[in-house]
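> just a sequence and a predicted model for now, questions to come.
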Amino acid sequence: MSDDVRDSLIPYDEIVQDALRAVVGRVLSQIVGYDSLPGDHHFYITFKTQAAGVDIPAHLIAKFPDEMTIVLQNRFWDLKVEDDHFSVGLSFNQTPSILTIPYASITAFVDPSVDFGLQFQVSDDETQPEPHDEADNDRPEVTTEDGSNVVTVDFGKKR
């Protein structure tokens, strides 16, 4: 058996990434109609703020020009889940905002209460982000110890 990676005419990595992003939509559809998550569940959703289809207030793009993490746990509203995106109302510094986030823009989804997480590949054609201050919101402490449920997919594309 050869160690060479063969070029595939079938984009397996893209298919798997899309399927895993659909998991996010399915999980979110379970909480439509709630304004807080049941039990200890809380979701950290990280996404590219400049990705196509992302619709967030300009002051958030200015503060997070590349990537942003939101937390869904308490005090969110108007969650709407569609086939290719979701929208949700959140408050930032006591200013209510509606965010629209396509699943294709998501780079991580974590529910630390049950040690579950998904990480998604970032497209190779992304431009380097401008330097910016660290986010003021909570970041998940994701550990990769044995027994975790974090799924990372990397098919090692030839370049």
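Yep, that arrived. Numbering: from 1, shown residues only.

> what helix or strand is Gly117 on?
strand 116-119 (DSSP states H and E).

> I'd like to know which elements that strand is packed against.
Here strand 116-119 touches helix 12-29, strand 106-111, strand 149-152, going by 3 or more CB pairs under 8 Å, 6 or more residues apart in numbering; DSSP states H and E. Heads up, the C-betas are built off the backbone N, CA and C, glycines and all.

> give the pairing partners of it; include direction for each.
Using DSSP bridges, strand 116-119 pairs in its sheet with strand 106-111 (antiparallel), strand 149-152 (parallel).

> worst average pLDDT in these?
Here the lowest mean pLDDT among these goes to strand 149-152, at a mean of 59.

> quick check: which ranges of the chain have low pLDDT?
1-5, 122-159 (pLDDT under 70).

> and Thr69, how close does it get to Gly33?
Computed as CB to CB, to the nearest Å, the Thr69 to Gly33 distance reads 24 Å.

> ok so, going back, same list (the helices and strands packed on strand 116-119) but as TSV, adding mean neighbour count and distance to Ala58.
Formatted as TSV, the helices and strands packed on strand 116-119 follow (neighbours: other CB atoms under 10 Å; distance: least, CB to CB, whole Å):
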stretch	mean neighbour count	distance to Ala58
helix 12-29	15	25
strand 106-111	21	21
strand 149-152	13	32
